[in-house]
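Asker: A predicted structure for the sequence below; I have some questions about it.
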Amino acid sequence: MGYSFLRLAREALRDHTGWRPAWRDAEPKPRYDVVVIGGGGHGLATAYYLARNHGARNVAVVEKGWIGGGNTGRNTTVIRSNYYFPSSAELYDLSLRLYENLGVDLNYNVMVSQRGFLFLAHAPLQLEMYNRIVNALLVNGIDAELLSSDEVFRRAPLLNRAMRWPVVGGFTQPRAGIARHDAVAWGYARAADRLGVDIVQHCEVTGLRQAGGRITAVETTRGTIEAGAVAIVVAGHSSVLAAMAGLRLPVTSYALQAMVSEPVKPILDTVVNSPATGVYVSQSDKGELVFGGGLDLYPSYAQRGNLPVVEHVIAGLIEMFPAFAQLRLMRKWAGIVDVVHDSSPILGPTPVDGLYINCGWGTGGFKAIPAGGWLTAHCIATGGHHALSAPFDLGRFATGALVDEAAAAGIAH
Amino acid sequence: MLLIACPFCGPRDETEFRCGGESHIARPGPAETVSDERWGDYLFNRANPKGVHLERWLHGHGCGQWFNVARDTVSHRVLAVYRMGDPPPKDLTP
């Protein structure tokens, strides 16, 4: 039964005794048409769009832990599409447009809040580069606005006016913002489940079987599951899963840390990012300041980072917002992100028939969940590429046709 | 905080060092015999293991020397430190 105001009122009148689990905790069947490995946002979205857009009715998502327990539950919830190259802009803006309607589409409140994403410039040259980026964004059809320093301080009044390198301006993407990360995983899980997708938790993949260059089955801790097609959608563990199929990937796994303060009353109503201090921050609907910075720069699968990066991030945050020095840090954590040389994702088929991959989102996977799922589902259903996924094929590392967003969009990798 | 024993300076905090990625990658050649796939594999593909990783580190805020470290990517434990050009310890070789 769908969620609605009438349903809420009815449950309120009977002491909320009618709510049922939002999805089935399925037992694995011996065979599926498609097995999606990884129950994060991208994996669940892949299964949902396979069922909704392509009519697939025999699909499983297998997850070694619990759904949304990896990077989907560890990110800083930012959504935006201000990427430089046309192929990236189309990809990320498809994602943002799907996010804008996701609550209605899934019948699940994912709490999208388009509060804008503000980039700070601390030097005139940086502002000139922002001018160039804003022009590129507008040419690509992405909303963007160059701001004077007065306009920046009006949007973020607590921002430090006496920084060592004062803010001279900035730019914003007004349609960017934040969404509720857990709700994205849960909403996709519930919607996929209602279309017949089996969500199998606590089921770790231990091997991939092939016959004649084609994938035939996944071996798991809960038995062998035959599969017509398999998708690897596991972010930081992509190299580990790909190795089970004999593939090497241009991926390095790093720990990316994030942290939250104690909750306070509303004091910041946009996302603020300073590439110069390497820090970005937003305030959650619960009132916590959610912030993070760069990577712990050595390969890691540890899901925890080290203190020098925490110190660096907090130093940058306090330089930007001196008032935040009064707050106590409540939690910090890390997710394992799959960083690729050109900071662009890897989407689509692999050299093994029937094996597909969705990885390489690096530090920015959450914002891409709807598009990643949409395009991975298209590739699996058609056996080929979608026009938007083709530039992100694994083969670009042999042809050299990289989509070098690291240099172009000035994102913090 | 990692404590890394620089072979030239002794144990120092991780903030003095920079990780230079996977070690022991041999450049294929001569260039005209190398396919695009092989060259792409050399440039971009990495072992990225969950477990023992053989990697290069630079003591940038110290002696300025490069050296090799064998480190577990799950526990972050430094298992061995050895000089550039030396083979990795046999018991840690994948």
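Answerer: Arrived safely, thanks for sending.

Asker: so the residue most central in space within chain B bridges to which residues?
Answerer: Nearest to the geometric centre of chain B sits B:E55, at 1.4 Å (CA atoms, centre = their mean). When assigned by DSSP bridges, B:E55 has beta-bridge partners B:E22, B:V69.

Asker: For chain A, what lies in contact range of chain B?
Answerer: Within chain A, the positions near chain B by CB under 8 Å from any CB of the partner chain are A:237, A:239-240, A:248-253, A:297-302, A:306-308, A:341, A:397-400. Quick note: C-beta positions are derived from backbone N, CA and C, even for glycine.

Asker: Only the buried subset of the residues you listed, as a PyMOL command please.
Answerer: Those of those that count as buried under 16 or more other CB atoms under 10 Å in any protein chain shown are selected in PyMOL with:
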select buried, chain A and resi 237+239+240+249+250+251+252+253+297+298+299+300+301+302+306+341+397+398
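
Asker: tell me, how many neighbours does residue 39 end up with?
Answerer: Picked chain A for this. 29 (other CB atoms under 10 Å in any protein chain shown).

Asker: that's the wrong chain, I wanted chain B
Answerer: If we define neighbours as other CB under 10 Å, then B:W39 has 17 of them.

Asker: and what of A:E226?
Answerer: A:E226: 15 neighbours (other CB under 10 Å).

Asker: before we move on, what about A:A162?
Answerer: 7.

Asker: and it, helix, strand or coil?
Answerer: Under DSSP: H, G, I helix; E, B strand; the rest coil, the three-state class of A:A162 is coil.

Asker: With A:A276 as the reference, measure out to it.
Answerer: To A:A276, A:A162 is 15 Å away according to CB to CB, to the nearest Å.

Asker: Equivalent analysis for A:D182, please.
Answerer: Distance from A:D182 to A:A276, by CB to CB: 32 Å.

Asker: cool, and B:L58?
Answerer: Computed as CB to CB, the B:L58 to A:A276 distance reads 24 Å.

Asker: And B:H61, by the same measure?
Answerer: Applying CB to CB to B:H61 and A:A276 gives a distance of 21 Å.

Asker: One more: A:V340?
Answerer: For A:V340 relative to A:A276 (CB to CB), the value is 24 Å.

Asker: When these two are compared, which one has more neighbours?
Answerer: A direct count of neighbours by other CB under 10 Å for A:V340 and A:A276 places A:V340 higher, at 26 against 18.

Asker: How many residues are close by the spatially closest residue to the more buried one that is not a sequence neighbour?
Answerer: Of all residues not flanking A:V340 in the chain, A:G360 sits nearest, at 4.0 Å (CB to CB, 6 or more residues apart in numbering or on different chains). Look at A:G360: counted by other CB under 10 Å, it has 24 neighbours.

Asker: Kindly report the residues of chain B close to chain A.
Answerer: Counting by CB under 8 Å from any CB, the residues of chain B near chain A are B:1-2, B:13-15, B:18-19, B:21, B:36-37, B:39-41, B:43-50, B:53, B:55, B:71, B:73-76.

Asker: filter those residues to the buried ones?
Answerer: Buried among these (16+ other CB under 10 Å): B:2, B:14-15, B:19, B:39-41, B:44-50, B:53, B:55, B:71, B:73, B:76.

Asker: so who does the residue minimising distance to the centre of chain A touch?
Answerer: Centroid-nearest residue in chain A: A:F366, 1.3 Å away (criterion: CA atoms, centre = their mean). By CB atoms under 8 Å, 6 or more residues apart in numbering or on different chains, the contact set of A:F366 is A:41, A:71-72, A:75-79, A:179, A:181, A:184.
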